[in-house]
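Colleague: generate a structure from the sequence data that follows.
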Amino acid sequence: MYNSFTQKLFKLKEHSTSPKAEFIGGMTSYMTMAYILMVNPAILSETGMDKDAVFTATAISAIIGCLLMGIIANLPVALAPGMGLNAFFAYTVVLQMGYSWEMALAAVFIEGVIFILLTLFNIREAIVKAIPQTMKLSISVGIGLFITTIGLSGSGVIVSGPVISKLGDLTDPKVFMTIFSVVLIGVLLIKNIKGALLIGMLITTILAIPFGIVSFDDGFTPFSLPPSISPVLFKMDFTRLMSMDMLVVVLTFIFMDLFDTAGTLIAVCTKAGLIDKNGNPNNSKRAFLSDAIATTIGASLGTSTVTSFVESASGVAAGGRTGLTAVFTALFFFLSLFIAPIFNIVPICATSAALIIVGLFMITIVSDIDFEDYRNAIPAFITIVMTPLSYSIADGIIFGVLTYVGIHILAGDYKKIGIPMYLLSVVFIAKIIFLR
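Modeller: Now for the predicted structure:
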């Protein structure tokens with residue numbers, strides 16, 4: 001009966017796969033993205049959110065997102081709170097702009113609701129097509145550098161200096177272990193070891209114990225019931241969401257998540273051979289809807305934007321071809337709920353190393369940017385450098401979009417700019433004039 005049910009729901013034979021292959025694919029996807037269980041609580045806790053509660057919210061939102069994608073869209077794509085989006089949530093919206101994390105959660109919730117509507121009315125696909133590819137690529141690269149900067153500064157490898165920054169104390173055990181962890185993960189990647197990020201962080205955690213970097217609370221037990229989610233559950237604050245600043249925040253969340261999800265779906269589905277004759281992912285509307293619903297539920301649970309993970313490509317490479325892969329990934333996230341104490345002892349040097357490597361993953365697409373055409377090269381470069389140097393993803397996007405639109409208008413290419421870009425420019429200019 002099991003085989004009959006899975007065959008009917010996931011169409012395994014049509015995709016030339018089996019439950020065993022899907023299980024291996026799901027486990028591989030989990031191993032390559034499980035770092036989010038450690039990194040997301042570490043980032044969001046910087047805003048004052050309860051770290052243990054965020055851990056539970058992260059795991060549950062990943063479970064729900066993976067199940068939605070697997071069952072509704074039947075795609076081997078796993079979801080969880082996304083990197084870059086969580087950094088924007090914590091370091092820009094809360095720590096830089098001064099909003100509470102409760103308001104940031106409300107912005108994420110509204111983003112999810114808007115995405116549901118955009119998907120139902122087929123607007124989401126149209127918007128994705130209208131935004132220039134150069135901007136999509138440069139934003140991802142800029143976010144990659146920003147995440148790397150966070151990892152380097154959070155671990156103390158770089159610190160504030162007399163100019164901008166300088167090297168930290170390389171004799172500090174935390175700094176040394178961060179550098180070691182980066183090298184270790186690099187070697188694991190070179191050796192094609194599945195779950196290199198996760199394995200590298202776990203090894204670093206063990207090796208950091210003798211240095212006193214890892215501390216165990218009295219009564220520590222590796223297995224326990226999940227931490228309570230109540231400190232962050234349904235804590236959204238909608239009282240000040242009509243301000244221009246929050247409009248920019250919501251639009252930026254939408255802008256970032258639009259292309260993160262679309263790019264991931266295209267990349268993973270292409271690798272799995274799950275695309276139509278026009279190169280569009282199969283069941284794309286259902287996939288976008290699953291992603292949007294997961295984001296809305298994730299905000300309600302108490303975490304930043306839930307999105308599709310490009311690490312899902314590792315599960316496809318291991319044999320995953322249907323939504324059953326995503327369902328198995330959800331199973332592993334469920335099991336993670338009961339070993340929360342193990343994740344909570346992972347030190348900053350281990351999570352920072354993961355951030356640095358994730359930054360590497362995100363900037364590799366820089367080679368796809370056309371730097372020979374200055375109309376595209378200059379806005380792309382501005383976006384890339386302004387994001388980490390301003391320590392603000394929003395500012396990086398604002399400078400990039402305004403540069404892109406300005407150059408094209410003055411060069412006489414204003415007809416090549418889509419309406420969404422003009423609308424974003426108007427909003428960004430209004431923000432600069434009235435809110436800075």
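Colleague: low pLDDT regions in the stretch 1-150 of the chain?
Modeller: Applying pLDDT under 70 to the stretch 1-150 of the chain flags residues 1-3, 127-131.
Colleague: and the strands in it, which stretches?
Modeller: 79-81 (DSSP state E, counting those that start in this stretch).
Colleague: same deal with the stretch 151-300 of the chain?
Modeller: Using DSSP E, counting those that start in this stretch, strands in the stretch 151-300 of the chain cover 158-160, 165-167.
Colleague: identify the residues contacting the first one?
Modeller: Residues from elsewhere that reach strand 158-160, judged by Cβ atoms under 8 Å, 6 or more residues apart in numbering: 149, 152-153, 165-168. To be clear about C-beta, it is placed using only N, CA and C from the backbone, and glycine gets the same treatment.
Colleague: Ser336: what's it in contact with?
Modeller: Here Ser336 is in contact with 34, 37, 59, 343 (Cβ under 8 Å, 6+ apart).
Colleague: out of these, who has the most neighbours?
Modeller: Highest neighbour count within these, by other Cβ atoms under 10 Å: Ala59, with 32 neighbours.
Colleague: report the contact partners of that residue.
Modeller: 37, 226, 333-334, 336-337.
Colleague: pick the one among those residues closest to Thr6.
Modeller: Phe334 (18.1 Å; Cβ to Cβ).
Colleague: just after the helix or strand where that closest one lies, pick out the following helix or strand.
Modeller: Using DSSP states H and E, Phe334 falls within helix 323-336. For helix 323-336, the following helix or strand on the C-terminal side (DSSP H and E) is helix 340-344.
Colleague: after that next one comes which helix or strand?
Modeller: helix 348-363.
Colleague: mind giving me the packing neighbours of that following helix?
Modeller: helix 36-44, helix 133-155, helix 173-190, helix 196-208 (3 or more Cβ pairs under 8 Å, 6 or more residues apart in numbering; DSSP states H and E).
Colleague: ok, and the closest non-adjacent residue to the residue sitting nearest the centre point of the chain?
Modeller: Centroid check for the chain by Cα atoms, centre = their mean gives Gly82 as the closest residue, at 2.1 Å. Spatial nearest neighbour of Gly82, excluding adjacent residues (Cβ to Cβ, 6 or more residues apart in numbering): Thr307 at 3.7 Å.
Colleague: let's verify Arg375: helix, strand, or coil?
Modeller: On the three-state scheme (DSSP: H, G, I helix; E, B strand; the rest coil), Arg375 is labelled helix.
Colleague: so how far is Gly400 from the closest residue to it other than its chain neighbours?
Modeller: Nearest residue to Arg375 in three dimensions, chain neighbours excluded: Ile407, at 5.4 Å (Cβ to Cβ, 6+ apart). Counting by Cβ to Cβ, to the nearest Å, the separation of Ile407 from Gly400 is 11 Å.
Colleague: before we move on, back to that, what's the closest of the helices and strands packed on helix 348-363 to Thr296?
Modeller: Nearest of the helices and strands packed on helix 348-363 (Cβ to Cβ): helix 36-44, 17.4 Å.
Colleague: so which elements touch the closest one?
Modeller: Under the contact rule (3+ Cβ pairs under 8 Å, 6+ apart), helix 36-44 is packed against helix 51-68, strand 79-81, helix 85-87, helix 340-344, helix 348-363.
Colleague: could you redo the last one with a cut-off of 7 Å?
Modeller: helix 51-68, strand 79-81, helix 85-87, helix 348-363 (3 or more Cβ pairs under 7 Å, 6 or more residues apart in numbering; DSSP states H and E).
Colleague: what stretches of the stretch 301-436 of the chain score poorly on pLDDT?
Modeller: In the stretch 301-436 of the chain, residues with pLDDT under 70: 434-436.
Colleague: let's see 50
Modeller: Along the stretch 301-436 of the chain, segments meeting pLDDT under 50 are nowhere present.
Colleague: buried ones in the longest helix anywhere in the chain, by neighbour count?
Modeller: Looking across the chain with DSSP state H, the single longest helix is helix 244-272. Neighbour counts over helix 244-272 (16 or more other Cβ atoms under 10 Å) mark 245-269, 272 as buried.
Colleague: out of the helices and strands packed on helix 348-363, which one sits most buried?
Modeller: helix 36-44 (a mean of 27; mean count of other Cβ atoms under 10 Å).
Colleague: one step back: tell me the spacing between the residue nearest to Arg375 and Ile429.
Modeller: In terms of Cβ to Cβ, Ile407 sits 15 Å off from Ile429.
Colleague: next: Met97.
Modeller: 18 Å.
Colleague: who's more crowded, the two?
Modeller: Using other Cβ under 10 Å as the criterion, Met97 and Ile429 rank with Met97 on top: 17 against 14.
Colleague: my guess is that one meets Asp245, correct?
Modeller: Yes. Contact criterion Cβ atoms under 7 Å: Met97 and Asp245 qualify, at 6.3 Å.
Colleague: quick revisit: can you tell which of the helices and strands packed on helix 348-363 is closest to Leu118?
Modeller: Closest approach to Leu118 among the helices and strands packed on helix 348-363 (Cβ to Cβ): helix 133-155, 16.8 Å.
Colleague: how far off helix 348-363 does the closest one point, in degrees?
Modeller: 170 degrees (axes from the mean of the first three to the mean of the last three Cα atoms, to 10 degrees).
Colleague: export helix 133-155 to PDB, keeping only CA atoms.
Modeller: Extracted in PDB, the C-alpha atoms of helix 133-155 (Å, rounded to 0.1, in the frame of the first residue of the first chain):
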ATOM      1  CA  GLN A 133      19.000  39.600 -15.000                       C
ATOM      2  CA  THR A 134      22.000  41.800 -14.100                       C
ATOM      3  CA  MET A 135      20.300  43.100 -11.100                       C
ATOM      4  CA  LYS A 136      19.200  39.700  -9.900                       C
ATOM      5  CA  LEU A 137      22.700  38.400 -10.100                       C
ATOM      6  CA  SER A 138      24.400  41.400  -8.500                       C
ATOM      7  CA  ILE A 139      22.000  41.400  -5.600                       C
ATOM      8  CA  SER A 140      22.800  37.800  -4.800                       C
ATOM      9  CA  VAL A 141      26.600  38.500  -5.100                       C
ATOM     10  CA  GLY A 142      26.300  41.500  -2.900                       C
ATOM     11  CA  ILE A 143      24.400  39.600  -0.300                       C
ATOM     12  CA  GLY A 144      27.000  36.900  -0.400                       C
ATOM     13  CA  LEU A 145      29.700  39.400   0.400                       C
ATOM     14  CA  PHE A 146      27.500  40.900   3.100                       C
ATOM     15  CA  ILE A 147      27.000  37.400   4.700                       C
ATOM     16  CA  THR A 148      30.800  36.800   4.600                       C
ATOM     17  CA  THR A 149      31.400  40.100   6.300                       C
ATOM     18  CA  ILE A 150      29.000  39.200   9.000                       C
ATOM     19  CA  GLY A 151      30.800  35.900   9.500                       C
ATOM     20  CA  LEU A 152      34.200  37.600   9.600                       C
ATOM     21  CA  SER A 153      33.200  40.400  12.000                       C
ATOM     22  CA  GLY A 154      31.100  38.200  14.200                       C
ATOM     23  CA  SER A 155      33.900  35.800  14.900                       C
END
